[in-house]
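Engineer: From the sequence below, what's the structure:
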Amino acid sequence: MNNDMVKTIRQRRSIRVFTAQIPDKEAIEEILEAARWAPSGLNNQPWKFMVLEDEKIREGLSRFTAYKKIVRSAPISIVVCIDNDISYNRDKDLMAIGASIQNMLLCACSQGLGTCWLGEIINRKEEIKQYLKLESCLEIMAVIAIGYPGDNPEVGERRSLQELLITGK
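Structural biologist: Below you'll find the model as predicted:
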């Protein structure tokens with residue numbers, strides 16, 4: 001395929017080891033811009049983001065996940081939250097949050113950065129919320145580890161398109 005976006009989608013991988021090189025602020029801002037342009041129901045934009053650059057704070061965050069090595073390895077983590085004060089339909093807003101995260105992952109990949117979407121970490125979201133001193137209206141949906149890839153994962157496998165299609169009557 002010649003479509004650059006489809007190429008980026010196909011080459012994106014979850015990176016679990018990062019180099020020590022810190023992405024510049026412009027790259028992170030572009031990733032956040034991509035996130036905020038995701039679609040949302042009624043254009044309510046139910047997301048909030050917290051960028052964690054401080055090594056000590058990220059070290060503390062790593063205590064709340066089985067994937068602590070990933071959080072420690074990445075020079076930047078972005079905490080993705082839903083703002084329950086502006087949420088109008090939880091199902092739709094959760095889909096919007098997913099779209100904003102996907103935009104971040106693809107934007108980072110297009111810049112040569114690696115990411116890992118950490119979902120398991122939300123099993124302890126209340127403890128993390130207290131640790132990060134987040135407002136009561138915010139609920140953690142994910143943490144995205146970001147940095148320059150320190151490994152090169154193999155090409156991912158996908159089921160065939162035919163296996164995924166539902167045929168009608």
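
Engineer: From Ile166, how far off is the residue positioned nearest the centre of the chain?
Structural biologist: The centre of the chain sits closest to Ile144, judged by CA atoms, centre = their mean, with a distance of 3.8 Å. Distance, Ile144 to Ile166, using CB to CB, to the nearest Å: 31 Å. Where you see a C-beta, it was placed from the backbone N, CA and C, and this is true even at glycine.

Engineer: so what's Pro153 closest to, chain neighbours aside?
Structural biologist: Arg13 (4.3 Å; CB to CB, 6 or more residues apart in numbering).

Engineer: where does Leu118 land on pLDDT?
Structural biologist: For Leu118, the model assigns a pLDDT of 97.

Engineer: What's opposite it in the beta bridge?
Structural biologist: Val143 (DSSP bridges).

Engineer: just checking, it touches Phe64?
Structural biologist: No - using CB atoms under 8 Å, Leu118 is not in contact with Phe64, being 10.0 Å away.

Engineer: mind listing the strands for this structure?
Structural biologist: When secondary structure is read from DSSP state E, the chain shows strands at 47-52, 76-83, 114-118, 138-147.

Engineer: residues making contact with the second one?
Structural biologist: Residues external to strand 76-83 that are found in contact with it (CB atoms under 8 Å, 6 or more residues apart in numbering): 22-23, 28, 31-32, 35, 46-53, 58, 61, 71, 93-94, 97, 100-101, 104, 128, 132, 134, 137-147.

Engineer: can we see that at 7 Å?
Structural biologist: Under the contact criterion CB atoms under 7 Å, 6 or more residues apart in numbering, strand 76-83 has outside partners 23, 28, 46-53, 58, 61, 71, 93, 97, 101, 104, 132, 134, 137-147.

Engineer: Tell me what angle it forms with strand 138-147.
Structural biologist: 160 degrees (axes from the mean of the first three to the mean of the last three CA atoms, to 10 degrees).

Engineer: same deal with the third one?
Structural biologist: Orientation of strand 114-118 against strand 138-147 (the same axes, to 10 degrees) gives an angle of 150 degrees.

Engineer: can you list contacts of strand 114-118?
Structural biologist: 14-16, 18, 65, 67, 70, 101, 104-105, 108, 142-149.

Engineer: Ok, the longest one next?
Structural biologist: Judged by CB under 7 Å, 6+ apart, the contacts made with strand 138-147 from elsewhere in the structure are 18-19, 23, 48, 70-71, 74-84, 97, 101, 104, 108, 113-119, 121-122, 125, 128-129.

Engineer: among the residues you listed, which ones are buried?
Structural biologist: 18, 23, 48, 70-71, 74-83, 97, 101, 104, 108, 113-118, 121-122, 125, 128-129 (16 or more other CB atoms under 10 Å).

Engineer: Great, nothing more from me.
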